[in-house]
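**Student:** my questions concern the predicted model and sequence given below.
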Amino acid sequence: MTRFLRRRGWVAGLFVLLALLFVATKIIQPGYGAGDFASLSRAVLPYAFAVAAQTVVVIAGGIDLSVAAMMALTSVTAAAMMNGASPEFALFVVPFVLLLGFVLGAINGILIIVTRVPDIVVTLATLFILQGAALLVLNAPGGSAAEWLKAMVVGTVPLPLLPEAVTAWFPKALLLLVVCLGIVWIPLKRSKLGLSLYAIGSSELAAFRSGVPVARTRILAYAFSGLFGAMGGLALTMSTGIGAPIPGPYLLASVAAVVLGGVTLGGGRGGLVGPIVAVFVLRLVRTDLTLMALDPNVTTIIEGVIMVVVVMLGAFLAMKGRRS
């Protein structure tokens, strides 16, 4: 138990914090129930994929400022392709959009490796490129999504052996999140590529001297970031039924959740569970502020202050780690 707490203590603490926030939410709003939790899960879905996209890159010692723009482009691409098409056509659209995100993410990595320009500069440039491309596809929110896709994030998971009062707390959006992240992240983390991601994040020079293909690993880190970003774009389209060409507030939120989730900004440490729990924490904080009937502008300010403080704390700890 001591060894577990030493290795997973931060994540365990986040689960405790999340539980306390749920208690606080219940106190603020006694009627808070399964339906509200399902709404929270749907709201968290795109944020969680944005956090997953950022986590892969940060573990490898980088950062991706184009995550939100990637989500916008893939969202409008999916919505535009499915607009007026048959439900079966979505079976082609989904893998196409996921492949598009993977390729665009890989291009980010290739540009960083070939030009040797810092990733923060390259991804800032591609942010504007992807944002412009999204507006070319749809200059305003529009398009549509197949009904069967929208149904995947609405309602609860049917569990015949359990009573309805229990199954009401198993929303489809949460199951979709767990399945999609698990299918990609678990094999990735346990593979040679996963070890290489952590290695170059800890010390790129030491990894290179150990025979790790640094360039290829960094490119694949951004490629998987693009894949998760595309999942986030699809989640947006599935949740709203339309494509959103304007990037949402996912960039700062993703960095804040990554830091709050225990991933070191310098790279090499952390996992995916912590940041995902951190997303729920941050969104539940916003829910509580809303339930307290605070002015929406004040709520936005408080949420922004929390994110900025978390990011600054992460940057401080990263610099302290490099000095030591």
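**Tutor:** Noted; the coordinates are in hand.

**Student:** just how off-centre is the helix or strand harbouring A69 within its chain?
**Tutor:** Element membership of A69 [criterion: DSSP states H and E] is helix 67-82. For helix 67-82, the distance from its own C-alpha centre to the chain's C-alpha centre is 15 Å (CA atoms, centre = their mean, to the nearest Å).

**Student:** which parts of it are buried?
**Tutor:** 67-82 (16 or more other CB atoms under 10 Å). Bear in mind the C-beta positions are built from the backbone N, C-alpha and C, glycine included.

**Student:** got it, and stretch 285-303?
**Tutor:** Buried, per 16+ other CB under 10 Å, within stretch 285-303: V285, R286, T287, D288, L289, T299, E303.

**Student:** what are the ranges of the helices in the stretch 151-300 of the chain?
**Tutor:** Ranges of helices in the stretch 151-300 of the chain, per DSSP state H, counting those that start in this stretch, are 164-167, 172-190, 192-202, 204-209, 214-240, 250-260, 273-291, 296-323.

**Student:** alpha carbons of the shortest one, as CSV, please.
**Tutor:** Same thing as helix 164-167. The C-alpha trace of helix 164-167 is given here as CSV (Å, rounded to 0.1, in the frame of the first residue of the first chain):
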residue,chain,number,x,y,z
GLU,A,164,-32.2,1.1,-13.2
ALA,A,165,-31.1,3.3,-10.3
VAL,A,166,-27.5,2.0,-10.7
THR,A,167,-27.3,2.0,-14.5
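
**Student:** which ones are touching S75?
**Tutor:** A134, G233, L234, L236, T237, G243, A244, P245 (CB atoms under 8 Å, 6 or more residues apart in numbering).

**Student:** brain fart, I110
**Tutor:** I110 neighbours (CB under 8 Å, 6+ apart): I219.

**Student:** did I read that right, it in a helix?
**Tutor:** Yes: according to DSSP: H, G, I helix; E, B strand; the rest coil, I110 belongs to a helix.

**Student:** how close does it sit to L149?
**Tutor:** From I110 across to L149, the span is 31 Å (CB to CB, to the nearest Å).

**Student:** could you list the low-pLDDT ranges of the stretch 101-250 of the chain?
**Tutor:** Residue ranges of the stretch 101-250 of the chain with pLDDT under 70: 161-162.

**Student:** save the contacts of S75 as JSON lines, and put in neighbour count and distance to F102 too.
**Tutor:** What follows is the contacts of S75, written out as JSON lines (neighbours: other CB atoms under 10 Å; distance: CB to CB, whole Å):
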{"residue": "A134", "neighbour count": "25", "distance to F102": "17"}
{"residue": "G233", "neighbour count": "32", "distance to F102": "12"}
{"residue": "L234", "neighbour count": "29", "distance to F102": "13"}
{"residue": "L236", "neighbour count": "27", "distance to F102": "18"}
{"residue": "T237", "neighbour count": "30", "distance to F102": "17"}
{"residue": "G243", "neighbour count": "29", "distance to F102": "19"}
{"residue": "A244", "neighbour count": "23", "distance to F102": "21"}
{"residue": "P245", "neighbour count": "25", "distance to F102": "21"}
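
**Student:** tabulate these (CSV), appending distance to V154.
**Tutor:** Shown next, in CSV, are those (distance: CB to CB, whole Å):
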residue, distance to V154
A134, 25
G233, 18
L234, 15
L236, 14
T237, 13
G243, 18
A244, 18
P245, 23
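
**Student:** tell me how far the nearest residue to Q54 once chain neighbours are set aside lies from L18.
**Tutor:** Sequence neighbours aside, S254 is the residue nearest to Q54 in space, at 4.0 Å (criterion: CB to CB, 6 or more residues apart in numbering). Separation of S254 from L18 (CB to CB) stands at 18 Å.

**Student:** more neighbours: these two, which one.
**Tutor:** S254 (33 against 15; other CB atoms under 10 Å).

**Student:** per-residue pLDDT, V285?
**Tutor:** If you check V285, the pLDDT there is 88.

**Student:** oh sorry, the question was meant for V97
**Tutor:** According to the model, V97 scores 96 on pLDDT.

**Student:** got the contact list for it?
**Tutor:** T74, T77, A78, M81, A230, G233, L234.

**Student:** separation between the first one and V258?
**Tutor:** Computed as CB to CB, the T74 to V258 distance reads 20 Å.
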